[in-house]
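Okay, sequence plus prediction incoming.
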Amino acid sequence: MKDKFYNYIQNLQDTITNGLEKMDGEAKFQEDLWNRPEGGGGRTRVIENGAVFEKGGVNISAVHGPLPKSMQQYFGVDDVDFFACGLSLVIHPKSPMVPTVHANWRYFEMYDKTGAIVDQWFGGGQDLTPYYLFEEDAAHFHTICKRACDAHDLEFYPKYKKKCDEYFWNSHRNEARGVGGLFFDYCKATEEKTMEDWCHFVTEVGNSFLEAYLPIVEKRKDLKYSQTERDWQEIRRGRYVEFNLVHDKGTLFGLRTNGRIESILMSLPPHVQWRYDHNPEKGSQEEKLIQVLQNPREWV
């Protein structure tokens, strides 16, 4: 399973970076190959200062070795070995009219000291963070997410949409990071679902990503915007940074397993503002976004 899924994310990385480069039209992804001293490594690809994308990363990794003590406590296990592989991406467009997007698809195994698998699961998802709310864009993104879920189980979309709203919640701000999408974790074999079934589901979601995101970029990338709107984008990016550094489990896992710091923090945008006690004007488009972030909606 681990070889099959790692091969999948290698190919998916190529597909996604090719699609994003074509959309940008100018910038190309820079590639870094890296090794982790404890075992494994990855392939980081970063795009910067493009015509459309200001900064973004599409990274894959496959790491293994003894599970660190801090993560043993987190998972509630004894001295075990682990293998983890996944693709993680974050794209920050230049225009405040184009939303930031994040996605991740991953697979995890744990082994006893004889090498036998004692646990395994899939996880992942994809979510959208707009700075100006175009409701039809949120509806499009969620429609593609729902279609990928419905191909496997009609209960998946409402369940994983709700989990996404709950997970990407900046509790210290009492608001969502964005308009959500899908979030699923600890997808394990049961009487109803085999690991093969979960693999097919996760790859279906991964394959849907470009269809969910690129039409939105195409529609919004050439819209005019002002410095005031750019300032708002950078203020909202600050909330994105806060979530990733305060709450995100993936960031925590990477830091606690001696992950590559440049790959872990590639999710952070290049230009951000934190203004003291900033509040949007009443009745503005900025306030409209905040109202939706404080009260997550059904989009399809």
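Nice, thanks for sending it over.

all strands for the stretch 151-300 of the chain, in order.
169-170, 175-176, 180-187 (DSSP state E, counting those that start in this stretch).

mind putting the ones you listed in a markdown table, distance to V101, mean pLDDT and mean neighbour count included?
Yep, even glycine has a C-beta here, placed from its N, CA and C like the rest. Formatted as a markdown table, these follow (distance: least, C-beta to C-beta, whole Å; pLDDT from 0 to 100; neighbours: other C-beta atoms under 10 Å):
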| stretch | distance to V101 | mean pLDDT | mean neighbour count |
| --- | --- | --- | --- |
| strand 169-170 | 18 | 96 | 17 |
| strand 175-176 | 15 | 97 | 21 |
| strand 180-187 | 9 | 97 | 21 |
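
Which one of those lies nearest to R147?
strand 180-187 (11.4 Å; C-beta to C-beta).

Just confirm V63 contacts G259, I think it does.
Yes. Using C-beta atoms under 8 Å, V63 and G259 qualify as a contacting pair, with a distance of 7.2 Å.

which residues are in contact with both of those two?
Taking C-beta atoms under 8 Å, 6 or more residues apart in numbering as the contact rule, the neighbours common to V63 and G259 are R36.

Tell me the secondary structure at the closest residue to N35 other than its chain neighbours.
Nearest non-adjacent residue to N35, counting by C-beta to C-beta, 6 or more residues apart in numbering: G41, 4.0 Å away. The assignment at G41 comes out as strand when based on DSSP: H, G, I helix; E, B strand; the rest coil.

Kindly report the same for the one 3 residues further on.
Following three-state DSSP, we place T44 in the strand state.

May I ask you to confirm that W34 is in contact with I261?
No. Using C-beta under 8 Å as the test, W34 is too far from I261 to be in contact (10.5 Å).

contacting residues for the closest residue to I16 other than its chain neighbours?
Of all residues not flanking I16 in the chain, V58 sits nearest, at 5.4 Å (C-beta to C-beta, 6+ apart). Counting by C-beta under 8 Å, 6+ apart, V58 makes contact with 13, 16-17, 20, 29, 45, 87-89.

Okay, helices next: where are they in the stretch 51-200 of the chain?
Assigned by DSSP state H, counting those that start in this stretch, the stretch 51-200 of the chain shows helices spanning 69-75, 135-150, 156-167, 195-220.

Neighbours of the residue lying closest to I144 once chain neighbours are set aside, how many?
Once flanking residues are discounted, I144 sits nearest to A212: 3.9 Å by C-beta to C-beta, 6+ apart. Neighbour count for A212, taken as other C-beta atoms under 10 Å: 23.

Against which helices or strands is the lowest-mean-pLDDT helix or strand in the chain packed?
Sorted by mean pLDDT, DSSP states H and E, the helices and strands of the chain end with helix 69-75, the least confident at a mean of 79. Counting contacts by 3 or more C-beta pairs under 8 Å, 6 or more residues apart in numbering; DSSP states H and E, helix 69-75 packs against helix 249-256.

Counting neighbours, which bits of the helix it packs on end up buried?
250-254 (16 or more other C-beta atoms under 10 Å).

Over to stretch 6-25?
Buried-residue list, stretch 6-25, by 16+ other C-beta under 10 Å: 6, 8-9, 12-13, 16-17, 19-21, 23-24.

I would like the residues contacting that stretch, please.
By C-beta under 8 Å, 6+ apart, stretch 6-25 touches 27-29, 43, 45, 47, 50-53, 56, 58-60, 62, 85-87, 89, 91, 105, 107, 203, 206-207, 209-210, 214, 217-218, 221.

Run through the bridge partners of the nearest residue to D119 once chain neighbours are set aside.
Excluding the flanking residues, the one nearest D119 by C-beta to C-beta, 6+ apart is M110, at 4.4 Å. With DSSP bridges as the criterion, M110 is bridged to F82, D119.

Tell me how many other residues crowd M110.
Count around M110 with other C-beta under 10 Å applied: 19.

Spit out the contact partners of it.
Counting by C-beta under 8 Å, 6+ apart, M110 has contacts 67, 75, 77, 80-82, 117-120.

how about the helices of the stretch 51-200 of the chain, which one is nearest T100?
Short answer: helix 195-220, nearest of those by C-beta to C-beta, at 10.2 Å.

quick check: angle from the closest one to helix 135-150?
Interaxial angle, helix 195-220 versus helix 135-150 (axes from the mean of the first three to the mean of the last three C-alpha atoms, to 10 degrees): 160 degrees.
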